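Chemist: The following block contains a protein sequence and its predicted model.
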Amino acid sequence: MASEAIAASASQHTPSPTGLAERYALALLSIADEKRQTDGGALDRIAADLDRLLAVWREDEGFRAFIADPRLSAAEQQKAAFALLEKMGISGEVRNLVGVLVANRRLAALPSVAAAFGAQLAARRGQQSATVITAHPLNDTQRAQIAARLTEAGYPSVQLAETVDPEILGGLILRIGSRLYDSSIKSKLQRMQYAMKGAA
């Protein structure tokens, strides 16, 4: 069963993935590759379904609160998540992925898994990808501004993998290749704290 394959692949230790989201993303990518043998459009369909889910997550505060709520039981999460997927016309592999995340109490990782899948797919297609961590979801204007800045810096046509981490407070952290740009408020406060300790 596909959901068992996702769970098994995601739990195996492999050198490539660097975290939970990457393991689930690589497991789903592996399943997509298998599906492509009989369904040539499987990979694009799965990527499009994940993009649609990411769009809902970015635009719908209620959905963000729902997937991040640890008080909900697995049964409650599954019922509500599957109802949304059915309404959106999303089935198959992405539905199985959501089912596995719910069963493993990892539904909050769904946006990170979707972003990691997009980054893996971009790398496979020879596109550069950048990971952007913000305290709140980006809107279209901010996304366009980041893309423009990356183009100015010599990184045109970069695929953005977005992650939200409220702990950075504000600003953003951008990772592209081996380069890391950290303009988060949390880091600025830490630097200020270190400077003040040094002056004392």
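Modeler: Looks like it came in fine. Numbers count the residues shown, from 1 in each chain.

Chemist: Sort out which residues of stretch 87-100 are buried, please.
Modeler: 90, 92-100 (16 or more other Cβ atoms under 10 Å). Where you see a C-beta, it was placed from the backbone N, CA and C, and this is true even at glycine.

Chemist: sorry, that was for stretch 20-33
Modeler: Buried, per 16+ other Cβ under 10 Å, within stretch 20-33: 20-29, 31-32.

Chemist: Let me know the closest of these to Trp57.
Modeler: Ala21 (13.5 Å; Cβ to Cβ).

Chemist: Please flag which of the buried residues of stretch 87-100 sit within helices.
Modeler: 92-100 (DSSP state H).

Chemist: can you map out the strands along this protein?
Modeler: Using DSSP state E, the strands found in the chain span residues 129-134, 159-164, 172-176, 179-182.

Chemist: Could you point out which of those strands sits nearest Thr38?
Modeler: strand 159-164 (27.2 Å).

Chemist: What is the distance between the closest one and the centre of its chain?
Modeler: Taking Cα atoms, centre = their mean, to the nearest Å, the mean C-alpha location of strand 159-164 is offset from the chain mean by 6 Å.

Chemist: just stretch 60-71 next, same as before
Modeler: With Cα atoms, centre = their mean, you get 15 Å for stretch 60-71.

Chemist: cool, stretch 54-67 as well?
Modeler: Going by Cα atoms, centre = their mean, where stretch 54-67 is centred and where its chain is centred differ by 13 Å.

Chemist: So what touches that stretch?
Modeler: 72, 77, 80-81, 84, 88, 107-108, 110-111, 114-115, 118, 137-139, 162, 164 (Cβ atoms under 8 Å, 6 or more residues apart in numbering).

Chemist: before we move on, the earlier item: would JSON lines of the buried residues of stretch 87-100 with distance to Gly40 and pLDDT be doable?
Modeler: Converted to JSON lines, those look like this (distance: Cβ to Cβ, whole Å; pLDDT from 0 to 100):
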{"residue": "Ile90", "distance to Gly40": "19", "pLDDT": "92"}
{"residue": "Gly92", "distance to Gly40": "15", "pLDDT": "89"}
{"residue": "Glu93", "distance to Gly40": "15", "pLDDT": "93"}
{"residue": "Val94", "distance to Gly40": "18", "pLDDT": "94"}
{"residue": "Arg95", "distance to Gly40": "20", "pLDDT": "94"}
{"residue": "Asn96", "distance to Gly40": "20", "pLDDT": "95"}
{"residue": "Leu97", "distance to Gly40": "21", "pLDDT": "95"}
{"residue": "Val98", "distance to Gly40": "24", "pLDDT": "95"}
{"residue": "Gly99", "distance to Gly40": "25", "pLDDT": "95"}
{"residue": "Val100", "distance to Gly40": "25", "pLDDT": "95"}
